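J.: here is a sequence with its predicted model. Questions after.
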Amino acid sequence: MITKLSQNKKLLTVLDQAVFSGKNFFITIIVARLCSIEEFGKFSLVFMLLLFGLDTYRSFVVQAMMANYQKFEAQKYLTGNLILSGFIFFGLGWLFFIFMMLFGKQFQLQGDFAVIMTYFVTRMLADLGRSYFFTYSDPIKSLFCDVCCAVVIFGLFGYFFLNQTDQVLHYTQALQYLSVGYAIGFGLCLLIARPALSFNMEMIRTNLSFGLWLFFTGILRWFNGNYIVFVASSGLGNVVAGAIRAIGNLFGPINVLLQAIENYVPVRATNILEQDGAEAMFDYINAQIRLCFLLFLPIFLTLFFAAKKILYVVFGFEYIEYSTLIHYIVIAYMLGLVCRYYNIALRTLNYTKPIFYGYVITASISLSIAYFLVNEFGILGYGIGIILFKIIIICFLYLSIRKYLKTL
């Protein structure tokens, strides 16, 4: 049975993502329970800053590797990605340092640059290690590393829980525990993968060229959903960020399969494109969209109609007043499925400019109306905004794909 499991790459990919996303799901619940709602709000703001850096990192490293893995030898490709990672971390570090200088006091994050940056680096490197094994068809190795990482992290949180008296977990302690777990997980990845001592410089040029438009797109995409959270937190307090993060965590079971999509579908779409052409690839993407809607519909309906009870049971009484926001986020997630697949289709075609242009439009709208939405509708302005942004970007990406296919 174990032998059969080790040979089923698709099942292993889903299983590993279940471990990884399940770990993140329970970590969010644990941190929310051990922290005060204010401290959890700070933790949530840091997580949203992580998303900015992670999107940038994936554009130049992870997504580029998945699209171009056939061009380079595996171990040399890993070495080149590690070198490229160092330069990316240096640039992101300066950007985050500037942010802390300007806004750290406002969001009560001042003085914690080193801890937060360590969390960023270890989390991104863990993503590289996992994605390397997915790309080169060794997901069982990623599963082993992720299980070890999860054991370490839960062990550290468990130690704190068993030894606490009346102490409330500080958000920086949570970041430290996570950093240790991610570092150990990535260390195991390196020991198993054994990166080469040399690399192909063409690999770095390929990754930079591939990720350029995705990098700018990632910045704009971040503004679509996260900028408005910082606007709301600035006006209504850090508890808003904590509430939004808590609600978003309820979609953890969905994120398991969504990340499995990112680990499996791009590689499969690339193979279909090379063998059968662009139209066949887009037919595959549309079939995957329909399949995902069927898989996720029961979860969407449960969250939509039982929002208040679920939020109370999972996170506690303090979060109930924000339960209405779940309805908006459910709709946004449904729209996000389509958006995710259209992104994959365009990346597979190596036609990423429309992704950038689409997010230019939505980011511009976000910057223009975020303060208005928050001032007029309070925290529900966040829900209205993310639905509006998803609808606009879906329409633009679909039209771009159809236009491109007609020119082939």
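T.: Perfect, thanks for sending it. Numbers count the residues shown, from 1 in each chain.

J.: CA only for contacts and neighbour counts going forward, please
T.: Will do.

J.: can you check which helix is longest in this structure?
T.: helix 74-103 (DSSP state H).

J.: give the next helix or strand downstream of it.
T.: helix 113-135 (DSSP states H and E).

J.: what's the angle from that following helix to helix 74-103?
T.: Put simply, helix 113-135 runs at 150 degrees to helix 74-103, going by axes from the mean of the first three to the mean of the last three CA atoms, to 10 degrees.

J.: which helices and strands does helix 113-135 pack with?
T.: Contacts defined by 3 or more CA pairs under 8 Å, 6 or more residues apart in numbering; DSSP states H and E place helix 113-135 against helix 37-57, helix 63-68, helix 74-103, helix 139-163, helix 171-193, helix 252-276.

J.: buried ones in that helix, by neighbour count?
T.: By neighbour count with 16 or more other CA atoms under 10 Å, helix 113-135 contains the buried residues 113, 116-135.

J.: also stretch 281-295?
T.: For stretch 281-295, burial by neighbour count (16+ other CA under 10 Å) applies to 281-282, 284-286, 288-289, 292.

J.: so which of the residues you listed belong to helices?
T.: Filtering these for helices - DSSP H - leaves 281-282, 284-286, 288-289, 292.

J.: could the residues you listed go into JSON lines alongside distance to F96 and pLDDT?
T.: Output for these, formatted as JSON lines (distance: CA to CA, whole Å; pLDDT from 0 to 100):
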{"residue": "M281", "distance to F96": "39", "pLDDT": "86"}
{"residue": "F282", "distance to F96": "38", "pLDDT": "85"}
{"residue": "Y284", "distance to F96": "39", "pLDDT": "88"}
{"residue": "I285", "distance to F96": "36", "pLDDT": "88"}
{"residue": "N286", "distance to F96": "38", "pLDDT": "86"}
{"residue": "Q288", "distance to F96": "37", "pLDDT": "86"}
{"residue": "I289", "distance to F96": "36", "pLDDT": "86"}
{"residue": "C292", "distance to F96": "36", "pLDDT": "82"}
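
J.: excluding its backbone neighbours, what's nearest the residue positioned nearest the centre of the chain?
T.: The centre of the chain sits closest to L51, judged by CA atoms, centre = their mean, with a distance of 6.1 Å. In space, and not counting its chain neighbours, L51 is closest to W222: 7.4 Å by CA to CA, 6 or more residues apart in numbering.

J.: same question, A370
T.: Nearest one to A370, counting by CA to CA, 6+ apart, is I228 at 5.4 Å.

J.: ditto for T56
T.: F215 (5.2 Å).

J.: next up, the contacts around that neighbour.
T.: Contact analysis of F215 by CA atoms under 8 Å, 6 or more residues apart in numbering lists 55-56, 59-60.

J.: return the set of buried residues in whichever strand or helix holds the residue nearest to L51.
T.: Per DSSP H and E: W222 is located in helix 201-225. Residues 203-204, 207-208, 210-225 are the ones in helix 201-225 that count as buried (16+ other CA under 10 Å).

J.: do stretch 65-84 as well
T.: Judged by neighbour count using 16+ other CA under 10 Å, the buried positions of stretch 65-84 are 65-69, 74-82, 84.

J.: one more: stretch 179-192?
T.: Buried residues in stretch 179-192 (16+ other CA under 10 Å): 179-189.

J.: what's next to it, contact-wise?
T.: 118-119, 122-123, 125-126, 129-130, 141-142, 145-146, 148-150, 152-153.

J.: ok, now with 10 Å
T.: Around stretch 179-192, the neighbours that count as contacts under CA atoms under 10 Å, 6 or more residues apart in numbering are 78, 115-130, 132-133, 141-142, 144-156, 173, 176, 193-195.

J.: closest one to V168 out of the ones in helices among the buried residues of stretch 281-295, please.
T.: C292 (39.8 Å; CA to CA).

J.: which one is that closest one nearest to, not counting chain neighbours?
T.: Using CA to CA, 6+ apart, the closest residue to C292 is L337 (7.7 Å).

J.: what about that neighbour, neighbour count?
T.: 19 (other CA atoms under 10 Å).

J.: tilt between the helix or strand containing it and helix 201-225?
T.: For L337, the host element (DSSP H and E) is helix 325-348. Orientation note: helix 325-348 sits at an angle of 150 degrees relative to helix 201-225 (the same axes, to 10 degrees).

J.: after helix 325-348 comes which helix or strand?
T.: Taking DSSP H and E, what comes next after helix 325-348 is helix 353-377.

J.: where in the stretch 101-250 of the chain is pLDDT low?
T.: 137, 165-166, 235 (pLDDT under 70).

J.: of the helices and strands packed on helix 113-135, which approaches V314 most closely?
T.: Nearest to V314, of the helices and strands packed on helix 113-135 and by CA to CA, is helix 252-276 at 12.4 Å.

J.: ok so, going back, would you format the helices and strands packed on helix 113-135 as CSV with distance to F305 included?
T.: Formatted as CSV, the helices and strands packed on helix 113-135 follow (distance: least, CA to CA, whole Å):
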stretch, distance to F305
helix 37-57, 25
helix 63-68, 36
helix 74-103, 38
helix 139-163, 31
helix 171-193, 32
helix 252-276, 17
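
J.: tell me which of those helices lies nearest to G381.
T.: Nearest to G381 among the helices and strands packed on helix 113-135 is helix 37-57 (17.8 Å), distances taken as CA to CA.

J.: re the thing from before, now the angle from the longest helix of the chain to helix 37-57?
T.: Following the same axes, to 10 degrees, one obtains 130 degrees for the angle between helix 74-103 and helix 37-57.
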